[in-house]
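K.L.:
Pasting the sequence and the predicted coordinates here, then a few questions.
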Amino acid sequence: MAVTDARRHPNSDDRPPSIVWYNDPKWRSLVFQGLTLALVLAIVWSVIHNTAVNLERRHIAQGFSFLSTTAGFDINQTPIDYPKDATYGRAILVGVANTAIVAVIGIFFATIIGFVVGIGRLSHNAVFSSICTAYVETLRNIPVLLQIFFWYFAVLGVMPSPRASLQPIPGWVFLNNRGIYLPEFRFGGFAGSGIAIGLAVGVVLAWGIARWAKQRQLATGQQFPSGKVALALIFGLPAIAFAASGFDLTLIAPKKSTFNLTGGIEVIPSLIALTLALATYTASFIAEVVRAGILAVSHGQTEAARSLGLTHGHTLRLVVIPQAMRVIVPPLTNQYLNLTKNSSLAVAIGYPDLVSTGGIVLNQSGQSIEVIAIWMAIYLGTSVLTALIMNGYNRRMAIVER
Amino acid sequence: MSSTDIPPTKTIFVRKEMIGASAAPISTRGFFGWVRTRLFGSLFDAILTVIGLSIAGSIIWSVVDFAIVRAVWTGANGEVCRAEGSGACWPYVTAYWQQFLYGRYPAEERWRAIAVFFAFFGLLVPLAMPKVPFKFANTLAFLVGLPIFAYVMLCGGWFGLVPVETMRWGGLLVTMVVAVTGIVTSLPIGILFALGRRSQMPIVRMLSVVFIEFWRGVPMITVLFMAANMLPLFMPDGVDVDKLLRALIGVSIFTAAYLAETIRGGLQAIPKGQYEGAMALGLGYWKMMGLIVMPQALKMVIPGIVNSFISLFKDTTLVLIVSIFDLLGMIQSSRSDPEWAAPSTSTTGYLVAAAIFWIFCFGMSRYSQWMERRLATGHKR
């Protein structure tokens, strides 16, 4: 006590010594924040003011009313209806759908390749692991735009004309400089809807059975082969529905006409090049994420699982994968977002995605601010939504501590 | 328990002689041991090895076959490359090589670009080697002197140098200009926003979060479109921003947002005791950050920073979409030249570009791994 008393200023009554206001951290912080805010507001105001003046001088109208103007251009891949007199808004919507197509197909293949290569780099087999390492080190060090160009111009661009199409499966699959032509599966009668309903019922039943089996195992210790039953349900029910319809399926092969191929499903070259390049490029990053995730599970975990008597399969499924996934999933989502954002490179090879169609609208209408705002809002919305979902996932997956 | 308690057992068989030594276990060491365990450990392994070797062999062979065996080495125009089954068209690369490097930079002024290249590598190499002294002067020359030197030399207009407008710049020169400007300007901006996001002041923190998350959430293409189309609208009347400068601004802001997140990771990893220790010593905010926290945080995130620079270097190719002709842009515009048009021209051009980009990016990633190992010694006990 004596020490503290001696330190205290004789005149102070338990208050800290007073500071001049400009040395007080509280005041300093307020002043600094006020200045920052004023500076930012000044910049924003001058930008808005300049833009308004510039637009006035160039006679460009502001606002989003241009979206209902008729768009005078064609789009070479229209997953949603795009009539001749469609509006600019409709064109941008088609672009959004096309972006979604690339993102979904690209993510699907990137995940498969990425997991195979990532696990392969840890393989005991020297040849396989070196091939996987070479894959990762080559692809991730070459710009993705270059890879897109390579597939589009150097590989697909020098394909033969439709007349001399390559036929990987003669009569059914055609490959030429206008893309890939695949046979179309057309289900007759109630086969199509039957298979869909069968699949839906199978998935729901399989989920229910898995839940019931887990609860029963927790309560009584009895196991139930829920995996095999689920597979049987998911594949069996649609198969039964298909059989009941009398195998009502017609395959429509593409047919050669004078200049082109008709019928079947046509996949345009820019879509092939874009998904191929994005999937293989992103896969090289996913492979590294997967490898890091698996390496993050300590060896003691596998050893403990084996000494508890779990089989090799059980060790993987119940101990290693759940812990690895906790490390893998957040950066994996980042890679999915990167792929989606990189799909905007479509504009370089003319694939009609959101940025391509928006770019045409921008050039035709001159509404650069509005179009760029639409782009940013859509991509930003996707990112923020994914981030929110991921935060929820991370909370659920976080290690529960005492 | 004494020995008499043991009941007498009837001995049936006692071996009288030693068992012969069993064969040594199959070696897992040496070359043959390696082949046995790592290549042909099991039937599945053996199949994998054979399939893998054949795939790798066919890929390597097809590249060698295209680039060397079937390649066309000399020729005055594309005629020689148009022959059936000919591989890489090297005369096309020879003819266009200067343009791949400098774009349409005037031929008699190219020594200026070469001087800048030499100055860049001459300052970078000693900077990258930890043993070379004068690090501070070197860094200062690289971050301040080099940009001024490069600007004067490349743009011209001073000291009797002929002005060269940026429209004529191209090739690897533009790739390097965009990448280096992006790196040099984005690092300080990134550090500022990382500090802002960790700040105690709510308004500063909020503005930083909005800035970082906005630029990270949108693709670089849209940022470049925005820089190209909207920047002129933002400027007051009479102020004209050069096209290359617009792209540079877009690239710098975009990279700064990513760097800010990387650096924030490092800041979060610094234990609280370091801050408290610095404050207890009486250091103010900027001294605390500059002398205690930042050196440790930056050292910790060097791999992340280099990764950002690698992506920036690869992303420089995107400027070709706003019609600035970088290395890939020059290849794109030259491969359709009717004089050199041949089925193999595009592939040859892309092969050259891929090799150049790969060397830069792979070199950077290897350097960062080496640096990481070097710096990691501080944490070993």
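P.N.:
Structure's in. What do you need? It should be emphasised that the depicted structure is a prediction, and the values quoted were computed from it without experimental measurement.
K.L.:
going forward, measure contacts and count neighbours with C-alpha atoms only.
P.N.:
Will do.
K.L.:
which residues touch the closest residue in space to B:Trp340 that isn't next to it in sequence?
P.N.:
Counting by CA to CA, 6 or more residues apart in numbering or on different chains, the nearest residue to B:Trp340 once its immediate chain neighbours are dropped is B:Gly78, at 3.9 Å. In this structure, B:Gly78 makes contact with B:89, B:92, B:339-342, judged by CA atoms under 8 Å, 6 or more residues apart in numbering or on different chains.
K.L.:
Against A:Ser270, how distant is B:Gly78?
P.N.:
B:Gly78 sits at a distance of 27 Å from A:Ser270 (criterion: CA to CA, to the nearest Å).
K.L.:
And A:Thr78, by the same measure?
P.N.:
Applying CA to CA, the value for A:Thr78 to A:Ser270 is 14 Å.
K.L.:
what about the helices in chain A?
P.N.:
Ranges of helices within chain A are A:2-7, A:25-58, A:88-121, A:126-139, A:144-149, A:191-220, A:226-244, A:269-296, A:299-307, A:312-314, A:321-342, A:354-365, A:368-397, based on DSSP state H.
K.L.:
Which one, of these, ends up nearest to B:Arg335?
P.N.:
For the helices of chain A, distance to B:Arg335 was read as CA to CA. The smallest value, 11.6 Å, belongs to helix A:144-149.
K.L.:
For the closest one, which helices and strands make contact with it?
P.N.:
For helix A:144-149, the contact count by 3 or more CA pairs under 8 Å, 6 or more residues apart in numbering or on different chains; DSSP states H and E identifies helix A:269-296, helix B:345-376 as packing neighbours.
K.L.:
any chance of these in TSV, with mean neighbour count and distance to A:Gly221 too?
P.N.:
Formatted as TSV, the entries for these read as follows, by neighbours: other CA atoms under 10 Å in any protein chain shown; distance: least, CA to CA, whole Å:
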stretch	mean neighbour count	distance to A:Gly221
helix A:269-296	23	30
helix B:345-376	18	49
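K.L.:
The closest residue to A:Phe109 other than its chain neighbours: what's it in contact with?
P.N.:
In space, and not counting its chain neighbours, A:Phe109 is closest to A:Ala279: 5.8 Å by CA to CA, 6+ apart. In this structure, A:Ala279 makes contact with A:106-107, A:109-110, A:339, judged by CA under 8 Å, 6+ apart.
K.L.:
Tell me the one among these nearest to chain B.
P.N.:
Nearest to chain B among these, counting by CA to the nearest CA, is A:Leu339 at 9.9 Å.
K.L.:
I'd say that closest one and A:Ala277 touch.
P.N.:
No. No contact is recorded between A:Leu339 and A:Ala277 when judged using CA atoms under 8 Å, the distance being 10.2 Å.
K.L.:
okay, now the residue of the stretch 201-350 of chain A found nearest chain B: neighbour count?
P.N.:
The shortest separation between the stretch 201-350 of chain A and chain B is 4.9 Å, found at A:Lys341 (distances taken as CA to the nearest CA). Other residues within reach of A:Lys341, judged by other CA atoms under 10 Å in any protein chain shown, total 22.
K.L.:
Identify the residue spatially nearest to it, adjacent ones excluded.
P.N.:
Nearest non-adjacent residue to A:Lys341, counting by CA to CA, 6+ apart: B:Pro219, 4.9 Å away.
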